[in-house]
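Trainee: return atomic coordinates for the entry below.
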Amino acid sequence: MVLRLEEILARGENKKAEFKRYLEQKDLKPDRASKLQTQLRYISNFEPGLFVIGVEDIRGERWELFPLKEEQYKTSKSILKQLCIPVDIELLEEEKIVVDGGLVGVFHIGPKPLLEVQEEITINIMGRVNAGKSTLTGVLLTGKPDDGNGLARASLLVHPQEIRRGQTSDLHISFLGLNADGTRLNAIQQLDLQDQERIITEAARLLIFFDAPGHQEFSRTMVRSVLGAEAQYALFLIPASTEAKLIRSEEAQSGLNRLDTITREQLVLVAQRGIPFFIVINKIDKATPEDMQLVEELVKSTIKEIGKVPFFVETEADIDIVLREIPHNVIVPVFEVSCTILAGIDHLFAMLKVLPVMTTETRHDVPAIAYLDKIYRGIRGTNLVVSGTVLEGIFKPGQRVKVFPFEGAKNLVVEGRINSIEVFKKGVERVKSGEVFGFDLHKIPRELVRRGQVIVDRDFHLAPVWSFEANVVITFHSVRIKVGYSPVCQCHTISQTVVFEDIGDKDYLALGDVATVRLRFAQHPEFVRPGDKFILREGNLRGFGTIQKIL
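Mentor: Residues are numbered from 1 along each chain as shown. Take a look at the predicted model:
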């Protein structure tokens, strides 16, 4: 026994110990059970506690033994087990102590070990409006064909305007659970909370999809998905017949034979992100052979223009080649699919379910950092809840953390604690680099928290950044860029206006120019580091860059 019985009685009830004379069937009635379960959760919060049976409270003055008969002891133990199950508490150790007159039970109880998902593969879903991003995601989740009227995407659209229009207007995150042999675990209704918990509990691997809107007016959200989700891969959709019409229209107007502007912008963005990606030519059942040939030829030439090698996947043997080469980020696999007749879906799914994890253990062994994405402030008196993707390191429940920068706080830093961690509403024992999270934060002022801040280990060195030097490439801009130009800069989940303070020895920058420039955040400092990639936009994409030095 860790503590002698005399010591336990001398210490009495406290934050880590609860005494009862015995437990009986009436303790399982809802009102009584909820009170006891609250006590159990309190004494076992974060670390094990003691629940002792066979002890009597004598007029609130002292504790004395009240030995139990064998049958009373067994009943009390059984009731205790039943009380623990709904609140995820387990009996860690039992000490059955024989004393004069009977038995005393000392039970060490604690929270059940939380889940840790074995593998997570995160994938950005990209493409122009009506490319079929949500529909393809729905088909991949369930393995069932779309009916041509939006059946597959129905469970993924959550906002009223999305349901009315059948189009995504916000960043949505969904997941596909796979068991050890690659079999789908997902049910038809993706949004059912019981299904989500079951899938995460049973899954050996999760494929997590970030589905962003393709509309031009939602380009900020799409860029946030690409830069802020820190995904390991990107899946780029091109709707065959729609793209063919846009290509012919552009050729008629400008004489240029190329993919449409939005598609080219997004391809440049994902290539600049530096992660492996693959292209899916979608809706092939609605395209003519002439449409397919035109789109295929321009997809090939565009991939070559950005320095990659196109590789059309047509057989199972091709998938083996893709898996061997895609980690090197040289080839771009191209799939041709239809979500209504499931053509090509088997090859795409066969690749997705065995994609290698692209995060390394070295990124786990450093101080933890993540950029905040969504902020859920709730009601006053409750903890702050935030979500995002871990960039580096490991976060655990109970961990002391800092959030930075706070414009209204002393030294711009506020410390707090991670009360709990959830992944798709399921509690987990840790999250590491490349994994999505939801943190319940304690002692963090909710009114000062915003998207773009970082949450880090207490030991993480932080310094506010106003200005930085970067190498930039101007990709899509029709006029000259001079000192004072103020586009929006998006980096990780940061989105803030920056000012061009210096453009080197050039009088101005124009389309195709590469330059080393000095940029300054316009409203407030952020936390960025050398090597961070960013994009510049003014409605549309204007250019991209990499931070070289903090000034």
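Trainee: per-domain residue ranges of this structure.
Mentor: Each domain of the chain is listed here as a residue range: 5-111, 119-352, 363-457, 467-550, per automatic domain parsing.
Trainee: show me the helices in this protein, by range?
Mentor: Across the chain, reading from the start of the chain, the helices by DSSP state H fall at 5-11, 30-43, 70-84, 133-142, 160-165, 193-202, 219-228, 240-254, 261-273, 289-305, 316-325, 345-352.
Trainee: in the fourth one, what counts as buried?
Mentor: Neighbour counts using 16 or more other Cβ atoms under 10 Å place 133-142 of helix 133-142 among the buried residues. C-beta coordinates here come from the backbone N, C-alpha and C atoms, glycine included.
Trainee: make TSV out of the domains of the chain and add mean pLDDT.
Mentor: Formatted as TSV, the domains of the chain follow (pLDDT from 0 to 100):
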stretch	mean pLDDT
domain 5-111	89
domain 119-352	81
domain 363-457	84
domain 467-550	91
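Trainee: got a list of what residue 528 touches?
Mentor: Contact criterion Cβ atoms under 8 Å, 6 or more residues apart in numbering gives 465, 468, 491-492, 494, 534, 547, 550 as the residues in contact with residue 528.
Trainee: and those residues, which of them are buried?
Mentor: Of all the contacts of residue 528 considered here, the ones buried according to neighbour count by 16+ other Cβ under 10 Å are 465, 468, 491-492, 494, 534, 547, 550.
Trainee: and which of these is nearest residue 301?
Mentor: Of all the buried ones among the contacts of residue 528, residue 301 sits closest to residue 534, with 27.7 Å by Cβ to Cβ.
Trainee: go ahead and confirm that closest one touches residue 542.
Mentor: No - look at residue 534 against residue 542 with Cβ atoms under 8 Å: they stay out of range, at 11.4 Å.
Trainee: need the contact list for residue 251.
Mentor: Residues in contact with residue 251, defined by Cβ under 8 Å, 6+ apart, are residue 257.
Trainee: against residue 320, how distant is it?
Mentor: Here residue 251 is placed at a distance of 38 Å from residue 320 (Cβ to Cβ, to the nearest Å).
Trainee: list the contacts for the closest residue to residue 20 other than its chain neighbours?
Mentor: On the basis of Cβ to Cβ, 6 or more residues apart in numbering, the spatially nearest residue to residue 20 that is not a chain neighbour turns out to be residue 53, at 5.3 Å. Contact analysis of residue 53 by Cβ under 8 Å, 6+ apart lists 19-23, 68, 73, 76-77, 80, 104-105, 107.
Trainee: looking at the contacts of residue 528, spot the one nearest residue 123.
Mentor: Compare each of those with residue 123 using Cβ to Cβ and the shortest gap goes to residue 492, at 17.9 Å.
Trainee: okay, buried residues for stretch 86-98 please.
Mentor: Taking 16+ other Cβ under 10 Å as the neighbour-count basis, stretch 86-98 is seen to contain the buried residues 87, 89, 95, 97.
Trainee: and residue 517, what is it in contact with?
Mentor: Contacts here follow Cβ under 8 Å, 6+ apart; on that basis residue 517 touches 469-470, 472, 500-504, 509, 545.
Trainee: show me the two of those that sit farthest apart.
Mentor: Checking the contacts of residue 517 against each other with Cβ to Cβ, the farthest-apart pair comes out as 469 and 509, at 14.9 Å.
Trainee: those two - which one has more neighbours?
Mentor: Comparing residue 469 with residue 509 by other Cβ atoms under 10 Å, the one with more neighbours is residue 509, at 23 against 18.
Trainee: state the distance from the more buried one to residue 517.
Mentor: Using Cβ to Cβ, we find residue 509 at a distance of 8 Å from residue 517.
Trainee: what's the overlap in contacts for the two?
Mentor: Between them, residue 509 and residue 517 share the neighbouring residues 472, 503, with contact defined by Cβ under 8 Å, 6+ apart.
Trainee: contacting residues around residue 434?
Mentor: Contacts here follow Cβ under 8 Å, 6+ apart; on that basis residue 434 touches 120, 122, 230, 232, 357-359, 363, 389-390.
Trainee: go through these and flag which are in strands.
Mentor: Counted as lying in strands by DSSP state E, out of the contacts of residue 434, are 120, 122, 389-390.
Trainee: reformat these as a markdown table; add neighbour count.
Mentor: Listed next are those as a markdown table, based on neighbours: other Cβ atoms under 10 Å:
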| residue | neighbour count |
| --- | --- |
| 120 | 21 |
| 122 | 25 |
| 389 | 24 |
| 390 | 24 |
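Trainee: which one of those residues sits closest to residue 306?
Mentor: Lowest distance from residue 306 to those (Cβ to Cβ) belongs to residue 122, with 22.0 Å.
Trainee: who's that closest one bridged to?
Mentor: Per DSSP bridges, residues listed as beta-bridge partners of residue 122: residue 208.
Trainee: distance check, it against residue 316.
Mentor: Separation of residue 122 from residue 316 (Cβ to Cβ): 25 Å.
Trainee: state the distance from the residue lying closest to residue 203 once chain neighbours are set aside to residue 428.
Mentor: On the basis of Cβ to Cβ, 6+ apart, the spatially nearest residue to residue 203 that is not a chain neighbour turns out to be residue 177, at 3.6 Å. From residue 177 over to residue 428 the distance is 14 Å, taken as Cβ to Cβ.
Trainee: okay, these two: which has more neighbours?
Mentor: Using other Cβ under 10 Å, the more surrounded residue of residue 177 and residue 428 is residue 177, with 24 against 21.
Trainee: verify the stated contact: that one with residue 197.
Mentor: No - under the criterion of Cβ under 8 Å, residue 177 makes no contact with residue 197, lying 10.7 Å away.
Trainee: want to throw the contacts of residue 528 into CSV with distance to residue 303?
Mentor: Below are these laid out as CSV (distance: Cβ to Cβ, whole Å):
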residue, distance to residue 303
465, 35
468, 32
491, 26
492, 27
494, 30
534, 24
547, 27
550, 35
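Trainee: out of those residues, which sit inside strands?
Mentor: Filtering the contacts of residue 528 for strands - DSSP E - leaves 468, 491, 494, 534, 547, 550.
Trainee: out of these, which is nearest to residue 236?
Mentor: residue 534 (20.3 Å).
Trainee: spatially nearest residue to that closest one, not counting backbone neighbours?
Mentor: residue 491 (3.7 Å).
Trainee: measure that neighbour to residue 455 for me?
Mentor: Here residue 491 is placed at a distance of 16 Å from residue 455 (Cβ to Cβ).
Trainee: before we move on, what about residue 358?
Mentor: When Cβ to Cβ is the yardstick, residue 358 and residue 455 sit 23 Å from each other.
Trainee: more neighbours: those two, which one.
Mentor: Using other Cβ under 10 Å, the more surrounded residue of residue 358 and residue 455 is residue 455, with 26 against 16.
Trainee: residues contacting the nearest residue to residue 308 once chain neighbours are set aside?
Mentor: Among residues not flanking residue 308 along the chain, residue 332 sits closest, at 4.6 Å (Cβ to Cβ, 6+ apart). Contact partners of residue 332, counting by Cβ under 8 Å, 6+ apart, are 277-279, 303, 308-311.
Trainee: bridge partners for residue 332, pull those for me.
Mentor: Bridge pairing for residue 332 (DSSP bridges) gives the partners residue 310.
Trainee: who does residue 388 form a beta bridge with?
Mentor: Assessed by DSSP bridges, residue 388 has beta-bridge partners residue 372, residue 437.
Trainee: sorry, slip of the keys, the one I care about is residue 376.
Mentor: For residue 376, the beta-bridge partners under DSSP bridges are residue 385.
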